[in-house]
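> turn this into a model:
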Amino acid sequence: MPGSQKSNTIELAYFLGSNKNIIRLIGYLLLLYPLFYLFKNGVKKEKVVVSILFFIYISIFYVFTFQMEADKMFYQPTNITFLSKDKNKIPSHKLVIGVELDGFARAYPIQLIGYHHQVRDTINNKPIMVTYCTVCRTGRVYSPIVNGKVETFRLVGMDHFNAMFEDATTKSWWRQSNGLCIAGPLRGHQLEEIKSTQLTLSAWERAHNNTLVLQPDEKFKEKFEKMDNYDKGTSKSDLTKRNSTSWKDKSWVIGIQNAGVAKCYDWNQIARLRIIQDSIPNLPLLILLENDTASFHTYSRMIQNETLKFIKKGDTIRDINTGSYWNYDGLCLDGKLKGTVLQKVGSFQEFLHSWEFFHPKNLRYSSK
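Numbering: from 1, shown residues only. Coordinates of the predicted model:
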């Protein structure tokens, strides 16, 4: 409803959603006698007017119940297919959410999961739930295990412009942005997050030669085609397209949270500098942007209790502490630290309004 996404109405929404059938039944019972009396004793004109109003109600009821519910607008894939790198049909420049578990790598194109909102998968017998909200530009991967049981979720709507999922067992509502349950019997519970990375498919494949890539379900071909420009932020919808200026609601940022501290970095500044070195409590950071201007990487600059300082020229990345050379994947290729790997730091590309709403004490980075 208008204004509901900017208001704290989740309790009311959950109450109405959970009790909609009872509310409807009470409404029907309250109307039953007046309608019966009207059709028995009313004049023809009154009967026609009421019949028209009843028809309008039935139409509205049908639309809201069978067409406009979230899981009726964004369906789950009916055919989940993965192909190896040499057989894959997804273009290499497309953005993916990459997941690696126990040495097994999978790539989930944002163009696909952005429509579905969630895709369920199993990696090495471990169930995962890959989620994406296009209105927030948030990609998250969770374990769907709740209280020791593999849970099933459906898309039920959105709150503060973020996708909301409902579990099948308790009908509780969970936020996509952080896996937190905010309404229902399990309120306060949180899904376990699984590490993931957003980058182009080619960048993911470079570091994960054995990756499998999710393929489009042909049943939803037209839906996927409408999202072809989403990666670049040029979609037509005001809800999903990018504001190319800095620090606006729909500006892109990279958000990082560690030890209770959240900080975000302006995408325009990252694109201009291609390297940012910063620190948040107990975490010296390195942010790298590849020449494709889409694949970003975040690492800890701490190696063997020493904070490294880097310089980048083109694709050459060197730390000035030891003079060693590194690649985008955090691997030292040559020098004193050859073979050392930088520790990855969880980071997410999001719209500014999303990151700051879900991280109300967020800090904004600005270069000196």
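
> what stretches of this protein score poorly on pLDDT?
Per-residue confidence for the chain (pLDDT under 70) gives these ranges: 1-5, 61-73, 368.

> please, where are all the helices along it?
For the chain, the helices defined by DSSP state H cover 10-18, 20-41, 44-62, 70-73, 110-116, 201-207, 221-226, 267-273, 352-358.

> could you export the ones you listed as a markdown table, including distance to Glu290 and mean neighbour count?
Glycine gets a C-beta too; all of them are placed from N, C-alpha and C. Putting these into a markdown table (distance: least, Cβ to Cβ, whole Å; neighbours: other Cβ atoms under 10 Å) gives the following:
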| stretch | distance to Glu290 | mean neighbour count |
| --- | --- | --- |
| helix 10-18 | 39 | 15 |
| helix 20-41 | 48 | 10 |
| helix 44-62 | 49 | 11 |
| helix 70-73 | 35 | 14 |
| helix 110-116 | 17 | 23 |
| helix 201-207 | 6 | 20 |
| helix 221-226 | 25 | 12 |
| helix 267-273 | 11 | 16 |
| helix 352-358 | 22 | 21 |
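
> quick check: Gly42 vs Leu95, distance?
Per Cβ to Cβ, to the nearest Å, Gly42 is found 61 Å from Leu95.

> same drill for those two, tell me which one is more crowded.
The residue with more neighbours, out of Gly42 and Leu95, is Leu95; 24 against 14, by other Cβ atoms under 10 Å.

> is it true that the more buried one touches Ile110?
Yes - assessed by Cβ atoms under 8 Å, Leu95 is found in contact with Ile110 at 4.6 Å.

> find residues that contact each of those two.
Common neighbours of Leu95 and Ile110 (criterion: Cβ atoms under 8 Å, 6 or more residues apart in numbering): 198, 231.

> what's stretch 288-299 in contact with?
93, 95, 197-200, 202-203, 231, 254, 256, 270-271, 274-275, 285-287, 312, 314-315, 317, 328-330, 342-347, 349.

> which of those residues fall in strands?
The strands, defined by DSSP state E, take in 95, 197-200, 254, 256, 275, 285-287, 312, 317, 349 from the contacts of stretch 288-299.

> quick check: Ile194 touching Glu100?
No - at 9.7 Å, Ile194 and Glu100 do not qualify as touching, with contact defined as Cβ under 8 Å.

> which one is Phe220 nearest to, not counting chain neighbours?
With sequence-adjacent residues excluded and distances taken as Cβ to Cβ, 6 or more residues apart in numbering, Phe220 is closest to Tyr115, at 6.3 Å.

> need the contact list for that neighbour.
Residues near Tyr115 by Cβ under 8 Å, 6+ apart: 74, 220, 223-224, 227.

> and Phe296, how far from Ala271?
Distance of Phe296 to Ala271, computed by Cβ to Cβ: 10 Å.

> can you count the residues close to the closest residue to Phe74 other than its chain neighbours?
Nearest residue to Phe74, sequence neighbours excluded (Cβ to Cβ, 6+ apart): His117, at 5.2 Å. For His117, the count of nearby residues is 25 (other Cβ under 10 Å).

> how close does His117 sit to Phe357?
19 Å.

> show me which of the contacts of stretch 288-299 are buried.
The neighbour count (16 or more other Cβ atoms under 10 Å) marks 95, 197-200, 202-203, 231, 254, 256, 270, 274, 285-287, 312, 317, 328-330, 342, 345, 347, 349 as buried among these.

> so Glu205 makes contact with Lys85?
Yes - with contact defined as Cβ under 8 Å, Glu205 reaches Lys85; the gap is 5.5 Å.

> show me the domain layout of the protein.
Split into domains by automatic domain parsing, the chain comes to 4-68, 81-223, 252-364.

> in a markdown table: these, plus distance to Arg242.
Listed next are the domains of the chain as a markdown table, based on distance: least, Cβ to Cβ, whole Å:
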| stretch | distance to Arg242 |
| --- | --- |
| domain 4-68 | 19 |
| domain 81-223 | 8 |
| domain 252-364 | 6 |
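
> do you know which of those lies nearest Ser235?
The closest of the domains of the chain to Ser235 is domain 81-223. By Cβ to Cβ, the value is 8.0 Å.

> gap between the closest one and the chain center?
Put simply, domain 81-223 sits 8 Å off its chain's centre (Cα atoms, centre = their mean, to the nearest Å).

> try stretch 345-355
The answer for stretch 345-355 is 10 Å, by Cα atoms, centre = their mean.

> which one among the ones in strands among the contacts of stretch 288-299 gets closest to Met158?
The nearest one, if we look at these relative to Met158 and count by Cβ to Cβ, is Gln349, at 18.9 Å.

> just checking, that closest one touches Arg137?
Yes - using Cβ under 8 Å, Gln349 is in contact with Arg137, at 6.3 Å.

> overlap in contacts of those two?
Common contacts of Gln349 and Arg137, defined by Cβ under 8 Å, 6+ apart, comprise Trp252.

> next up, the contacts around Ile52.
By Cβ under 8 Å, 6+ apart, the contact list for Ile52 is empty.

> cool, Ser92 as well?
200-202, 205.

> count of neighbours near the nearest residue to Arg187 once chain neighbours are set aside?
Leaving aside its sequence neighbours, Arg187 sits nearest to Cys181 (Cβ to Cβ, 6+ apart; 5.4 Å). Neighbour count for Cys181, taken as other Cβ under 10 Å: 20.

> do the same with the one 3 residues further on
Residues contacting Gly184 under the criterion other Cβ under 10 Å number 17.

> pull up the overlap in contacts between Glu205 and Lys85.
Residues touching both Glu205 and Lys85 (Cβ under 8 Å, 6+ apart) are Thr211.
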